[in-house]
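Participant: show me how the following folds:
(2 chains)
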Amino acid sequence: GAVVSQHPSWVICKSGTSVKIECRSLDFQATTMFWYRQFPKQSLMLMATSNEGSKATYEQGVEKDKFLINHASLTLSTLTVTSAHPEDSSFYICSARELGEAYEQYFGPGTRLTVT
Amino acid sequence: AQSVAQPEDQVNVAEGNPLTVKCTYSVSGNPYLFWYVQYPNRGLQFLLKYITGDNLVKGSYGFEAEFNKSQTSFHLKKPSALVSDSALYFCAVRDIDGGYQKVTFGTGTKLQVIP
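Facilitator: Predicted coordinates:
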């Protein structure tokens, strides 16, 4: 149980285009989803926290107009990287907290974004 | 604000030997501590957590961690390392920051188990 999927697993896009990454909780309802960014050989940096049906809370320094997060249902959150640039290339990981769960987060497998 | 420190970028251990991956933390309230493992190009997998109770926490794949409040540490241990344990390990702490729950990750420790 408690499986989180991400799609796509990797994507290459041209500079200036937008890319959408999906995060789904497959066998549970996720009231809260988190989006992280991981640079090579570095830790995970929390980008934003989203609660189903409400606006995401972004961490300091994260551009909300560039990284659009939508959490429209209890099983789906999307991250859209708008007008992507090469410096946006990174490994993006989502995680989800199950409805009623106080402590644990379940992580997706990650999406490798390369902007050329 | 909470913080987590993993002082070792890499730990090398021979297969069959005991392993320890170090973690220290700083929080304003009661610590909720976690260990995760990450394999190349994969997301994080949960290993174990400490919320309250016994200071020695047992988790997945034979790993355990010891919570030490006086030393503010939560070191990950395994009695006998396997080559398949080679991966990146993250310590994390959950606290309240700005009115909502937030998990902060350490910088990660690469574990290399040598056959």
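Participant: list the contacts of the nearest residue to A:Lys14 once chain neighbours are set aside.
Facilitator: Among residues not flanking A:Lys14 along the chain, A:Thr116 sits closest, at 5.8 Å (C-beta to C-beta, 6 or more residues apart in numbering or on different chains). (Each C-beta comes from the backbone N, C-alpha and C, glycine too.) Residues in contact with A:Thr116 (C-beta atoms under 8 Å, 6 or more residues apart in numbering or on different chains) are A:Ile12, A:Cys13, A:Lys14, A:Ser15, A:Pro86.
Participant: can you pull the residues of chain B lying near chain A?
Facilitator: Within chain B, the residues that sit near chain A (C-beta under 8 Å from any C-beta of the partner chain) are B:32, B:36, B:41-46, B:49, B:51, B:90, B:94, B:100, B:102-108.
Participant: okay, and which of these map to strands?
Facilitator: B:32, B:36, B:44-46, B:49, B:90, B:94, B:100, B:102-105 (DSSP state E).
Participant: list only those of these flagged as buried.
Facilitator: Among those, the ones that count as buried by 16 or more other C-beta atoms under 10 Å in any protein chain shown are B:Tyr32, B:Tyr36, B:Leu44, B:Gln45, B:Phe46, B:Lys49, B:Phe90, B:Arg94, B:Lys102, B:Val103, B:Thr104, B:Phe105.
Participant: one step back: between the contacts of A:Thr116, identify the one with the most neighbours.
Facilitator: A:Cys13 (16 neighbours; other C-beta atoms under 10 Å in any protein chain shown).
Participant: please name the bridge partners of it.
Facilitator: A:Val115 (DSSP bridges).
Participant: from chain B, how far out is it?
Facilitator: To chain B, A:Cys13 is 18 Å away according to C-beta to the nearest C-beta, to the nearest Å.
Participant: how about the residues of chain A by chain B?
Facilitator: So chain A meets chain B at A:4, A:6, A:34, A:41-44, A:46, A:49, A:57, A:91, A:93, A:95, A:103-110, A:112 (C-beta under 8 Å from any C-beta).
Participant: quick one on the thing from earlier: identify the farthest-apart pair in the buried ones among the ones in strands among the residues of chain B next to chain A.
Facilitator: Greatest spacing in those, by C-beta to C-beta: B:Gln45 and B:Lys102 (20.7 Å).
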